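> Fold the following.
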Amino acid sequence: RRLVRRAAEALDTGASELRSIRHAAVPGFVQELSDAVADLAMGGATFDVSFSELARDQWTNEGPDRIEFLYAPSPGQPARPLARIASGGEVSRVMLALKSVLNQADDVPVLVFDEVDAGIGGATAQAVGRRLKDLARNHQVLVITHLAQVAVHADHHLVVSKSVVDDSARTEVR
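I've put the predicted structure just below:
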């Protein structure tokens, strides 16, 4: 019993320390994320992080809290769950910004971005391309794009085309 009690106390202490560290990191993290998305045609966007303390029997290897990213696409709008309100292009650009902020700490070997260039062009597309190139220093990055301003930053290109041959659809990768 004593060992179980000590283990439970150590678990509680660790959970409390993790919670404190996470709460302390939020202001700097959301500021870095906001700065990163400003470069990606999302300058008015703001972020926050919501913590919901879980009952002990619901703790996971991710900790004692349920954490949710909150997003407000424009000034004056309330921050709401990112997963529920962002468009596909916005989610892709937020993920790009997030991966940029966490680039050194992230050990995911391959990153895939689709629609990261949705609704953008010009200087914003150039900025997206530069951020993707920067991510490629620590990860393999696969990007599906239609924009030359994004594609120009790649080391390798594949062109996917679809055609109809003898009444049958054919997809070719070059």
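> After the helix or strand harbouring residue 37, which helix or strand is next? Please name it.
Here residue 37, judged by DSSP states H and E, is contained in helix 2-38. Downstream of helix 2-38, the next assigned helix or strand under DSSP H and E is strand 46-53.
> mind listing what's buried in the helix holding residue 37?
By neighbour count on 16 or more other CB atoms under 10 Å, the buried set for helix 2-38 is 15, 22, 29-30, 32-34, 36-37. C-beta: built from backbone N, CA, C; applies to glycine.
> Out of those residues, flag the one nearest to residue 57.
residue 15 (12.8 Å; CB to CB).
> Enumerate every residue touching the residue nearest the centre of the chain.
The residue lying closest to the centre of the chain (CA atoms, centre = their mean) is residue 95, at 2.4 Å. By CB atoms under 8 Å, 6 or more residues apart in numbering, residue 95 lies in contact with 113, 116.
> Residue 14 now?
Taking CB under 8 Å, 6+ apart, one finds nothing in contact with residue 14.
> again, only this time at 10 Å
63-64 (CB atoms under 10 Å, 6 or more residues apart in numbering).
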